[in-house]
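[1] predicted structure and sequence below. I'll ask about it afterward.
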Amino acid sequence: MPAQDTNQDIFLKTEQLLFFRLAFAGVALVLAAGVQWFDRVYLDISSAIRVIIIVVIYSCVAVVLLKQNVISGSRPVAWLNAVLIGVDILSLTALVHYTRGVESDLYLLYLLPILLSSYTFGRRGINATALFVSISYVALIIIENKNFLPYLIDPSKHTGLAGAYTHQLWRRILAKSALLVSVSFIWGRFCEYMSGLAQQGANRLRVQLQANQQLVAEVKAQAAREQLINSINSALRSTLDLGQIFETAVDELGKAMQSDSCAIVCPSTYPNEPPSICQSLKSTNSDGGKLFEPELCEFVLEHKGTYEKSNIGTILKIFVFDDPANDPTFSPIKEELRNAQVTSLIVKPMMYADASKGAIIIGARGQKREWLPAELDLVSSVAGQVAVAIEHAELVDQLSRKNKDLLQKNLNLDGKNLELRAVQAQLIHQEKMASLGRLVAGIAHEINNPINFVHGNLPYLREYFNDLKKLVGAAEQIPEEHRKPIDELRTKLKYEFLVTDLDNILADLNEGAERIRHIVRNLRSFSRLDEAELKEASIQDGIESTLKILSQYYGRDKIPIETDYTSLSPVLCYPGQLNQVWMNLLSNAAQAVDSKPDGHVWLKTESDGDGVVVSIRDNGPGIKAEVQSKIFEPFYTTKPVGQGTGLGLSISHSIVERHGGQIWCESVPGEGTTFKVRIPIHAKISELVRAGADLAHDPD
């Protein structure tokens, strides 16, 4: 390429990039000013506005330098581009710094300088820009968080809340840095690839332009027409919008050819879509309609092979028809041609490699026109340029569609992963609860048998003891002189004490046996392994059995709990499942107030007509507003690591919903939390049966 063309090309690109900077900075300035105005109470982005103003200032200075030819030549302009890109990166770094640093979402704008560098530089320039971007961002977040470096380096500071926060911070910094660095170089390779494709197309256009310029040198009379070719080239290279490309091409080509009509017909790349037809503004007949009606354009596109056979050569030739209305090729649409009074027609297929991209149609009315070879060459040149532009636009469109498809697939994959994790959590909890149920049932069974032996024999033991007392008492009737040995033995054995103490022992044994039997009944009531079927049950009984199980939290000298039971009707439900809900809510309340010296829990049941409402309130630290919407999500927990799985409330929510009820939370930070559960009394049996089938497969 001649040096003059090279200078002009880089000058044009630099000028376009400067105007793009000004437009981008202007939009950013307006947005920042709007945000500052509407959110000035909460946000202060005045520093960011100053950075944007600086970008506008140095961009304006560079425009003036170019316009006044202070900087000329390819090398100085290239250095100007390099300096501008470097200043852009520093400006973006300042923006990221003033918008919360590592928390800022503006770091994605770092991809913009890489894209700009691909417009004027090759691989080395793109890689250098990506490297400078990576160094700038990593250096910024390290400098901003340098105060936390001692926590990361000093092993004695690894423990505690500050150490944990520092490790989490540096993990996040490392992740965001790695993401930006990898994306920067991948984006750089992509921009290099797309720039290469554009350069290839531009090279093809330059070859055609050089041929046309040689023709201008040979035939000076064609100079004006060749100037129009240059303007078309510039218009086609500056955009990938097919509509704009077609409009520019047909308008400029129509002016250059001085024809009555010029049109570009391009087939759709997607099935069942009509072809794209673009005609010049001059392409109207006396009736106000288009000279080339859609029927004519579609016929030319569909029957291209028919008239190709009537010419010698390849499909790259231009086909000229002097009297198209009487030509056998166009016999199916001869009436349309006569009505349009078309006397001469040019058809030029647009080819890219071996693929057809459509056709250019040029028509004339009135007197028969002789088309000059230079005019036909002009049509060929424009056809090649438009074909390249169409190919580039199709590549960009295909890439965009594939990106959207990939994004949708990623979203679907994320959804499937969440479903898989939820199912896995349910299976784990199902196995835990099944094991717990079997363990509780086994313990209850093993304790129940021997305690029944003890409890069953205690009445006989008391009866036999009473008989022995009667026997000893009968000795009182023996004459005094004969019972002296008996009295001495009674005195020696402390008979009165033995009798009294033995009565107490029997009473203690009976009370202990009763308490053990009561504990066994509570265990069986909580596990409900014998009540897996749908039945009417008392909510109060289930809560009482759960409180006895949680005796490590509630009881004498422990967390005080006040209960307010209202006389309630039995509820049609699965009692064992509801006991799991009371267990989760009561244990959470106990853990919330466990560290408070005045910790207290209130439990209340009431009826709201057709349902039962259970309220469990504590005076713990409460739950933050932003957390309340997440507490029922699987795996979400506010407890320290190792003290919670994040499944309790999620499983409780699932159980309550399957019973047709609702569970919700009311909390004020610093004052306490109230969980309310509403279970309908007269739930539909069909819904509970379906819920029971679900519980049988997933007994949460």
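    Received, thanks. Residues are numbered from 1 along each chain as shown.

[2] C-alpha from now on. contacts and neighbour counts both.
    OK.

[3] how about the strands in the stretch 501-650 of the chain?
    Counting by DSSP state E, counting those that start in this stretch, the segments of the stretch 501-650 of the chain that form strands are 535-537, 561-564, 571-573, 601-607, 611-618.

[4] which of these sits closest to Leu106?
    Leu106 lies closest, by Cα to Cα, to one member of the strands of the stretch 501-650 of the chain: strand 611-618, at 43.1 Å.

[5] what does that closest one contact?
    568, 585-586, 589, 592-593, 599-607, 672-682 (Cα atoms under 8 Å, 6 or more residues apart in numbering).

[6] likewise stretch 455-462?
    Applying Cα under 8 Å, 6+ apart, the contact partners of stretch 455-462 are Leu506, Leu509, Asn510, Ala513, Glu514.

[7] the closest residue to the fourth one other than its chain neighbours: which element?
    The one in question is Ala513. Excluding the flanking residues, the one nearest Ala513 by Cα to Cα, 6 or more residues apart in numbering is His455, at 5.9 Å. Under the criterion of DSSP states H and E, His455 resides in helix 373-474.

[8] can you check Met351 too?
    strand 342-352.

[9] pull the contacting residues for the closest residue in space to Leu345 that isn't next to it in sequence.
    Distances taken as Cα to Cα, 6+ apart place Gly363 nearest to Leu345, at 4.5 Å, with adjacent residues excluded. By Cα under 8 Å, 6+ apart, the contact list for Gly363 reads Ser259, Asp260, Ser261, Cys262, Val342, Thr343, Ser344, Leu345, Ile346.

[10] distance check, Gly363 against Ala139.
    Distance of Gly363 to Ala139, computed by Cα to Cα, to the nearest Å: 64 Å.

[11] again, but for Ser667
    Distance from Ser667 to Ala139, by Cα to Cα: 43 Å.

[12] same check on Leu18?
    For Leu18, the distance to Ala139 (Cα to Cα) stands at 27 Å.

[13] in terms of neighbours, single out the busier of these two.
    In terms of neighbours (other Cα atoms under 10 Å), Leu18 is the more surrounded of Leu18 and Ala139; the figures are 22 against 14.

[14] surely the more buried one touches Val64?
    No - at 10.4 Å, Leu18 does not count as touching Val64 under the criterion of Cα atoms under 8 Å.

[15] so His554 sits against Glu562, correct?
    No, residue 554 isn't His; it's Tyr. No - Tyr554 lies out of contact with Glu562 (Cα under 8 Å); the separation is 10.4 Å.

[16] so between the two, which is more surrounded?
    Ranked by neighbour count (other Cα under 10 Å), Tyr554 and Glu562 place Tyr554 first, with 18 against 12.

[17] ok, for that one, nearest residue in space, not its chain neighbours?
    Pro560 (6.4 Å).

[18] distance of the residue nearest the centre of the chain relative to Val183?
    Taking Cα atoms, centre = their mean, the centroid of the chain lies closest to Leu411, which sits 6.8 Å from it. Note on Leu411: its distance to Val183, by Cα to Cα, is 20 Å.

[19] Val55 too?
    Counting by Cα to Cα, the gap from Val55 to Val183 is 25 Å.

[20] look at the two and report which has more neighbours.
    Val55 (22 against 17).

[21] the more buried one and Gly26 touch, don't they?
    No - Val55 sits out of contact with Gly26 when judged by Cα under 8 Å, with a separation of 9.5 Å.

[22] what about the helices in the stretch 151-300 of the chain?
    Taking DSSP state H, counting those that start in this stretch as the test, the helices found in the stretch 151-300 of the chain are 160-218, 223-237, 242-257, 294-302.

[23] apologies, that question was intended for the stretch 601-700 of the chain.
    Counting by DSSP H, counting those that start in this stretch, the stretch 601-700 of the chain has helices at residues 625-628, 648-658, 685-697.

[24] what comes into contact with the shortest one?
    Read that as helix 625-628. Cys665, Ser667.

[25] list the buried ones in it?
    Buried positions in helix 625-628, judged by neighbour count with 16 or more other Cα atoms under 10 Å: none.

[26] chain center to that helix: distance?
    The chain centroid and the centroid of helix 625-628 are separated by 20 Å under Cα atoms, centre = their mean, to the nearest Å.

[27] can I get the CA coordinates of it in CSV?
    Extracted as CSV, the C-alpha positions of helix 625-628 are listed here (Å, rounded to 0.1, in the frame of the first residue of the first chain):
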residue,chain,number,x,y,z
ALA,A,625,-34.1,-6.6,56.4
GLU,A,626,-31.9,-7.5,53.5
VAL,A,627,-31.5,-11.0,54.9
GLN,A,628,-35.2,-11.7,55.6
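
[28] hmm, back to that, considering the contacts of stretch 455-462, which possesses the most neighbours?
    The most neighbours of any of those, using other Cα under 10 Å, belong to Ala513, which has 19 neighbours.

[29] wait, Cys191 sits on Leu115?
    Yes - the criterion here is Cα under 8 Å, and Cys191 meets it with Leu115 at 6.1 Å.

[30] which one among the contacts of Gly363 gets closest to Ile45?
    For the contacts of Gly363, the nearest to Ile45 is Cys262 (53.0 Å; Cα to Cα).

[31] where's the closest one relative to Cys297, distance?
    Noted for Cys262: a distance of 11 Å to Cys297, by Cα to Cα.

[32] residues contacting Ser356?
    Taking Cα under 8 Å, 6+ apart as the test, what Ser356 contacts is Pro349, Met350.

[33] helix or strand: which one has it?
    Going by DSSP H and E, Ser356 is in strand 355-365.

[34] follow-up on the earlier one: make a ChimeraX selection of the buried ones in the contacts of strand 611-618.
    A single ChimeraX command selects the buried members of those (16+ other Cα under 10 Å):
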select :585,586,589,592,593,599,600,601,602,603,604,605,606,607,672,673,674,675,676,677,678,679,680,681
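
[35] one step back: the contacts of stretch 455-462 into CSV, with extra columns for pLDDT and distance to Lys492?
    Shown next, in CSV, are these (pLDDT from 0 to 100; distance: Cα to Cα, whole Å):
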residue, pLDDT, distance to Lys492
Leu506, 79, 23
Leu509, 81, 27
Asn510, 79, 29
Ala513, 78, 33
Glu514, 74, 35
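
[36] which one among these gets closest to Glu657?
    Among the contacts of stretch 455-462, and counting by Cα to Cα, the member closest to Glu657 is Glu514, at 37.9 Å.

[37] from Gly456, how far off is the closest one?
    Distance of Glu514 to Gly456, computed by Cα to Cα: 11 Å.

[38] for stretch 191-199, what is the average pLDDT?
    Averaged over stretch 191-199, pLDDT sits at 78.

[39] kindly report the same for stretch 63-79.
    Mean predicted confidence for stretch 63-79 is 80.

[40] distance from it to the middle of the chain?
    45 Å.

[41] relative to Asn448, which of the helices of the stretch 151-300 of the chain is closest?
    Nearest of these to Asn448, taken as Cα to Cα: helix 160-218 at 47.9 Å.

[42] and that closest one, what does it pack against?
    Judged by 3 or more Cα pairs under 8 Å, 6 or more residues apart in numbering; DSSP states H and E, helix 160-218 is in contact with helix 111-120, helix 123-144, helix 149-153, helix 223-237, helix 373-474.

[43] so where's the stretch 601-700 of the chain uncertain?
    For the stretch 601-700 of the chain, the stretches flagged by pLDDT under 70 are 634-636, 638-647, 683-700.

[44] low-confidence ranges in the stretch 251-400 of the chain?
    Low-confidence segments of the stretch 251-400 of the chain, defined by pLDDT under 70, span residues 269-271, 281-291, 303-316.

[45] who is the nearest residue to Gly243 once chain neighbours are set aside paired with across the strands?
    Leaving aside its chain neighbours, Gly243 sits nearest to Cys278 (8.0 Å; criterion: Cα to Cα, 6+ apart). Beta bridges link Cys278 to Ile264, judged by DSSP bridges.
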